[in-house]
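Asker: what's the 3D shape of this:
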Amino acid sequence: MADYAHSDHASRSREEKAKRLAGYIWSRAITSAELLAMPSAQQRKLARAADTNPPSTEETWTVVARLLDEKDAWTARHPEHPAATREHPDEKILWVKPPVTPWLR
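Answerer: Residues are numbered from 1 along each chain as shown. Okay, here's the model as predicted:
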């Protein structure tokens, strides 16, 4: 019996989905570490916001994280390239909350 999750077709589908998600996530300045630290419910909401069916395995999110790291490395090498500009960095706050600084007395 064939294992669909590890077939060539599944790998291609996972890679395509991961590219769509990574593009959406990268343009919002969310890092791979921030993505992987998100609860799965929040990751699913993020995928739906990207008009993509949420991945059913952690494996896809790992591929997305790798793609985010690759794009960040490429951007560091080509900062002046138009593709190095994030289109929606202000939307990061919708997904990743900054740490709360306690009041000092």
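Asker: flag the shaky bits of the chain, pLDDT-wise.
Answerer: Scanning the chain for pLDDT under 70 picks out 1-6, 104-105.
Asker: mind listing the helices for it?
Answerer: All helices of the chain, identified by DSSP state H, fall at 8-26, 32-37, 40-49, 58-77, 92-95.
Asker: for those, give me TSV that also has mean neighbour count.
Answerer: From N, CA and C alone the C-beta is placed, and that goes for glycine too. Shown next, in TSV, are those (neighbours: other CB atoms under 10 Å):
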stretch	mean neighbour count
helix 8-26	16
helix 32-37	16
helix 40-49	15
helix 58-77	16
helix 92-95	15
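Asker: in CSV: the ones you listed, plus distance to residue 102.
Answerer: CSV is the format used below for the helices of the chain (distance: least, CB to CB, whole Å):
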stretch, distance to residue 102
helix 8-26, 30
helix 32-37, 21
helix 40-49, 24
helix 58-77, 30
helix 92-95, 19
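Asker: so which of those is nearest residue 85?
Answerer: Nearest to residue 85, of all those, is helix 58-77, at 8.8 Å by CB to CB.
Asker: which strands and helices sit next to the closest one?
Answerer: Counting contacts by 3 or more CB pairs under 8 Å, 6 or more residues apart in numbering; DSSP states H and E, helix 58-77 is packed against helix 8-26, helix 32-37.
Asker: so which of those helices comes closest to residue 63?
Answerer: helix 8-26 (3.9 Å).
Asker: got the helices and strands packed on helix 58-77 as CSV, with distance to residue 52 columns?
Answerer: What follows is the helices and strands packed on helix 58-77, written out as CSV (distance: least, CB to CB, whole Å):
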stretch, distance to residue 52
helix 8-26, 5
helix 32-37, 14
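Asker: which one of these lies closest to residue 68?
Answerer: Closest approach to residue 68 among the helices and strands packed on helix 58-77 (CB to CB): helix 32-37, 4.3 Å.
Asker: contacts for that closest one?
Answerer: With CB atoms under 8 Å, 6 or more residues apart in numbering as the test, helix 32-37 has contacts from 25, 43, 46, 61-62, 64-66, 68-69, 72, 95-96.
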